[in-house]
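Visitor: Task: produce atomic coordinates for the following.
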Amino acid sequence: MTFVVPLVLLGLLLVLGLPVALSLLLSGATGLALLGGMGLVLGVLGSAPASSLGSYELLTIPMFLLMAEFMIASGVATQLFGAIANWTGRVPGGLGVATAMAGAAFGAISGSSTAAAATLSNTSVPAMVRQGYERGFAAGIVSISGTLAMIIPPSIAVIFYGLLSGADIGKLLIAGIVPGALVTLTIILTVWFLILREPGLAPRSPPVPLREKLHSLRVAGPFFLLFGVVTGAIYLGLATPVEASALGALGAMLLALAYGRMTWATLCTAVLNACGTSAMIGLIVVCAQVFGYFLTMTGTTQGLVNWVGALDVSRYVVLAFLVVLYLALGCFLDQLSILILTVPIVLPVVTRLGFDPIWFGMIVILLAEVGMVTPPVGMNVFVVSRAVGLPVGQVFGGVFPHVVAHLLLIVLLIVFPEVILWLPSQMK
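Guide: Numbering: from 1, shown residues only. You can find the predicted model right below:
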């Protein structure tokens, strides 16, 4: 009864639409009260903020958020699509290919899937429609390309997983590079496959003069240099993730200054936006810690680990169940909520079965990507639908082939985990 009441309360609060952070806080506090009375609740509430927010690695979140704000302020984020499209325009589905690559590039400076989808909606969809692309097809490419921000470093979701799991954040960030590149390639191959079946979906673009192509490098060059410096510093062991994030924020601010976009108002807006998002994430971390105390005191996690360990089934059967569970949760919850609700409980089970926590984190993030574009919630689809004025159903139809391709890639990465683990294993 002590365990059931808080879980039922958590489910009820989530169904009623209360923010996940407050739902976790109220249900966790209720469970602690049932276990030890108000004295225990007040004790945990008094210690949870300091213990959960005292992590040094938590500083990576506001620094990377600040980097994203400065990059958006510099104007580079909105110009990347045009710069890439100049080089890909003549290949089949060139603007679709450019959208996927711009989604990867934007993910490398943002870390927010919905922000990436919104930015791409305002830049790439109009360009594709003007070129004669079918509107649902174009919107589907944008919706799926926005999800790349969740896996390509510096991904907020990856950092958040690291904080919840205790895994090395530097290795997690580097581990996202190869899957992110494979997801980008998967989107491009899916675009080509769909065009091969139905050429009318995407007419070829007119040629772009070489001079204009070279001029576009002035936009893309500084961005790729900054991304290379930040990820390279982590990979080579020259800087911790926190130090690299601070370096990235400084570099993005200098870039905005160089482009003449940094004003006092821009600086204040960027800092306030980064602080606001960081505070929201901090609140989630604190509330998750309270609920985590409740789970620890009831022995729920350890009991689940022992129960799964005693099952006479293959560990891949358990993994298949978890994959289906994450796909189902992705249909209703955002990625941070999924991580908060599942990682503290599921990860001990996964490690007990012999799976690598860094590999599992990448699989979970990829599954959450799929959730961003699947009904009924599919936040990226709703963002794109609202931005371009298309019916939600048409956007879901356009993104469906990409969902199938994503699932096939996830299966491949489950069968060959070394694809994810190779790069972080080479770190200094």
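Visitor: Worst mean pLDDT across the helices and strands of the chain, which element?
Guide: Here the helix or strand of the chain ranked lowest by mean pLDDT, DSSP states H and E is helix 300-310, holding a mean of 69.
Visitor: What helices and strands are in contact with the host helix or strand of V364?
Guide: Here V364 sits within helix 357-371, counting by DSSP states H and E. Contacts defined by 3 or more Cβ pairs under 8 Å, 6 or more residues apart in numbering; DSSP states H and E place helix 357-371 against helix 156-165, helix 169-175, helix 177-197, helix 315-330, helix 335-352, helix 392-415, helix 418-425. Yep, even glycine has a C-beta here, placed from its N, CA and C like the rest.
Visitor: Kindly calculate the angle that it makes with helix 335-352.
Guide: 140 degrees (axes from the mean of the first three to the mean of the last three Cα atoms, to 10 degrees).
Visitor: and after helix 357-371, which helix or strand comes next?
Guide: helix 379-388.
Visitor: Could I have the CA atoms of that next one written out in PDB?
Guide: What follows is helix 379-388, C-alpha atoms only, in PDB (Å, rounded to 0.1, in the frame of the first residue of the first chain):
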ATOM      1  CA  MET A 379       5.700  17.600 -30.200                       C
ATOM      2  CA  ASN A 380       7.900  18.200 -33.300                       C
ATOM      3  CA  VAL A 381       5.000  17.500 -35.600                       C
ATOM      4  CA  PHE A 382       2.800  20.000 -33.800                       C
ATOM      5  CA  VAL A 383       5.500  22.600 -33.900                       C
ATOM      6  CA  VAL A 384       6.100  22.200 -37.600                       C
ATOM      7  CA  SER A 385       2.300  22.000 -38.300                       C
ATOM      8  CA  ARG A 386       1.700  25.300 -36.600                       C
ATOM      9  CA  ALA A 387       4.700  27.000 -38.200                       C
ATOM     10  CA  VAL A 388       3.900  26.000 -41.800                       C
END
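Visitor: Which other helices and strands does it contact?
Guide: helix 113-130, helix 135-146, helix 392-415.
Visitor: returning to what we had before: what separates the helix holding V364 from the chain centre, distance-wise?
Guide: 9 Å (Cα atoms, centre = their mean, to the nearest Å).
Visitor: again, but for stretch 51-65
Guide: Worked out by Cα atoms, centre = their mean, stretch 51-65 lies 17 Å from the chain centre.
Visitor: isn't L366 right next to V411, touching?
Guide: No: checked against Cβ atoms under 8 Å, the pair L366 and V411 is beyond contact range at 10.6 Å.
Visitor: between those two, who's got more neighbours?
Guide: L366 (25 against 11; other Cβ atoms under 10 Å).
Visitor: Run through the residues that contact G292.
Guide: G292 makes contact with 28, 344, according to Cβ atoms under 8 Å, 6 or more residues apart in numbering.
Visitor: Now do the same for it: its pLDDT.
Guide: What the model reports as pLDDT for G292 is 80.
Visitor: what's the spacing between it and G103?
Guide: Going from G292 to G103 by Cβ to Cβ, to the nearest Å gives 34 Å.
Visitor: picking that back up, ok, which of the helices and strands packed on helix 357-371 comes nearest G136?
Guide: helix 392-415 (3.8 Å; Cβ to Cβ).
Visitor: Please identify the buried residues of the closest one?
Guide: 392, 394-396, 398-403, 405-406, 409-410, 413-414 (16 or more other Cβ atoms under 10 Å).
Visitor: now, which of the residues you listed sits nearest A233?
Guide: Nearest to A233 among the buried residues of helix 392-415, with distances taken as Cβ to Cβ, is L413, at 26.2 Å.
Visitor: got the contact list for the closest one?
Guide: Contacts of L413 by Cβ under 8 Å, 6+ apart are 179, 182, 362-363, 366, 419-420.
Visitor: just V323 next, same as before
Guide: So V323 contacts 363, 367, 410, 414 (Cβ under 8 Å, 6+ apart).
Visitor: Now the third one: closest residue in space, sequence neighbours ignored.
Guide: Counting by Cβ to Cβ, 6 or more residues apart in numbering, L366 is the residue found nearest to I410 once chain neighbours are left out, at 5.3 Å.
Visitor: now swap in the last one and tell me
Guide: Nearest non-adjacent residue to I414, counting by Cβ to Cβ, 6+ apart: I363, 6.5 Å away.
Visitor: Would you mind confirming that the one you found is in contact with L409?
Guide: No: if you go by Cβ under 8 Å, I363 and L409 don't touch, sitting 10.7 Å apart.
Visitor: rewinding a little: of all pairs in the contacts of L413, which one is the farthest apart?
Guide: For these, and using Cβ to Cβ, no pair is farther apart than L182 and I363, which are 12.7 Å apart.
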